[in-house]
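Participant: Predicted coordinates and the sequence they were generated for:
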Amino acid sequence: MLVRHERPIRCLLMGYNGTGNTGSDIRLLTAIDDVRAAFGEETSITIVSIDCERTESVIPSDERIQVVPFKLAPHKFIPSSYRLAWQHDVTILIEGSTFKQSWSPWLLHAYIWSAQHALWCGNYAVAYAVDVGDLTAFHALCTRWIVNKMSLVMTRTEIARKRLEDMGVKRPIIANTDTAFQYRGHVDSSPGPPAVGIAPVEFFHWPVQFKLWDRSENRYRWPFSFRWTPERRQRSQDMVENYVQLVRHIQNRHDLDVKLIAMEDVDAEVCERI
């Protein structure tokens with residue numbers, strides 16, 4: 001339980017912000033509301049972001065909210081993370097895929113370091129509505145080690161809670177739901193033909209890998225590159241052909257329009273190919 005301070009609580013939100021990822025942006029908005037509901041409207045909130053301008057375009061304009069850059073390179077991230085932890089009372093991991101390595105083991109490391117820095121500073125470390133994936137033995141060990149020391153852990157599924165317990169986590173874990181489900185956006189009620197939305201995800205270039213030099217078309221964000229191989233490219237092409245058949249079926253059999261939705265910048269290419 002957080003002890004009330006004489007001054008407003010300073011809260012650090014650590015997630016996959018600033019990439020244009022729809023799910024992460026919605027989780028961020030709902031996390032801001034939840035933090036203020038728990039700690040008060042006067043709470044000072046700092047958001048860590050890969051692209052500060054993009055994050056600022058999504059969140060409400062508020063003098064009590066600031067956005068700071070996320071340093072991708074490990075030698076920059078670690079000291080920056082410690083400094084931020086020292087400046088705040090509580091660090092909250094808000095990314096859904098917090099304890100996963102399917103997208104990037106480096107993100108998993110970043111979340112673990114953020115929590116550890118908060119604890120080293122004598123502050124609170126919270127995992128909020130997070131998920132847990134299949135991890136290597138080493139990453140499972142690191143995850144168990146940090147989760148057992150965190151102040152509060154909430155997963156977004158019962159399966160995620162069970163996975164942590166199977167790893168050897170002994171601390172209490174709350175299994176809840178994804179905070180993003182609280183979001184209520186604007187519905188466009190303008191007239192138009194019925195449509196079906198499809199959100200293709202390019203699975204086959206993940207996880208990214210640390211690579212100082214690489215071709216620009218393979219680059220995610222320096223110093224990380226996508227993990228393309230001839231086999232992965234062929235599987236990606238097969239996936240595109242399957243989506244093409246699905247779109248044709250929807251158009252020809254059901255006479256519906258199709259809207260392809262890129263859930264993140266990196267998914268725009270696969271939408272264009274379809």
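Facilitator: Cool, got the structure. Remember, it's a predicted structure, so these values are computed and weren't measured experimentally. Residues are numbered from 1 along each chain as shown.

Participant: so what does the lengthiest helix in the chain touch, helix or strand wise?
Facilitator: Longest helix of the chain, by residue count under DSSP state H: helix 230-254. Counting contacts by 3 or more Cβ pairs under 8 Å, 6 or more residues apart in numbering; DSSP states H and E, helix 230-254 is packed against strand 195-198, strand 257-260, helix 268-273. Backbone N, C-alpha and C define where each C-beta goes, glycine included.

Participant: Could you point out the helix or strand that follows the helix or strand where residue 77 lies?
Facilitator: Using DSSP states H and E, residue 77 maps to helix 74-87. Beyond helix 74-87 in the direction of the C-terminus, DSSP H and E gives the next helix or strand as strand 90-93.

Participant: Report the mean confidence score over that next one.
Facilitator: In this model, strand 90-93 has a mean pLDDT of 97.

Participant: Specify the next element, helix or strand, located C-terminal of it.
Facilitator: Downstream of strand 90-93, the first helix or strand assigned by DSSP H and E is helix 105-120.

Participant: How many neighbouring residues does the residue nearest to residue 107 when sequence neighbours are not counted have?
Facilitator: Counting by Cβ to Cβ, 6 or more residues apart in numbering, the nearest residue to residue 107 once its immediate chain neighbours are dropped is residue 16, at 6.8 Å. Residue 16 has 26 neighbours, counted by other Cβ atoms under 10 Å.

Participant: Residue 16 in helix, strand or coil?
Facilitator: coil (DSSP: H, G, I helix; E, B strand; the rest coil).

Participant: With residue 53 instead?
Facilitator: Applying three-state DSSP: residue 53 is helix.

Participant: Report pLDDT for it.
Facilitator: 94.

Participant: cool, and residue 4?
Facilitator: 50.

Participant: now swap in residue 248 and tell me
Facilitator: Reported pLDDT for residue 248: 96.

Participant: What of residue 78?
Facilitator: On the pLDDT scale, residue 78 gets 88.

Participant: how close does it sit to residue 187?
Facilitator: 43 Å (Cβ to Cβ, to the nearest Å).

Participant: Which one of these two is surrounded by more residues?
Facilitator: Ranked by neighbour count (other Cβ under 10 Å), residue 78 and residue 187 place residue 78 first, with 16 against 5.

Participant: Grab the nearest non-local neighbour of that one.
Facilitator: Nearest residue to residue 78, sequence neighbours excluded (Cβ to Cβ, 6+ apart): residue 113, at 6.1 Å.
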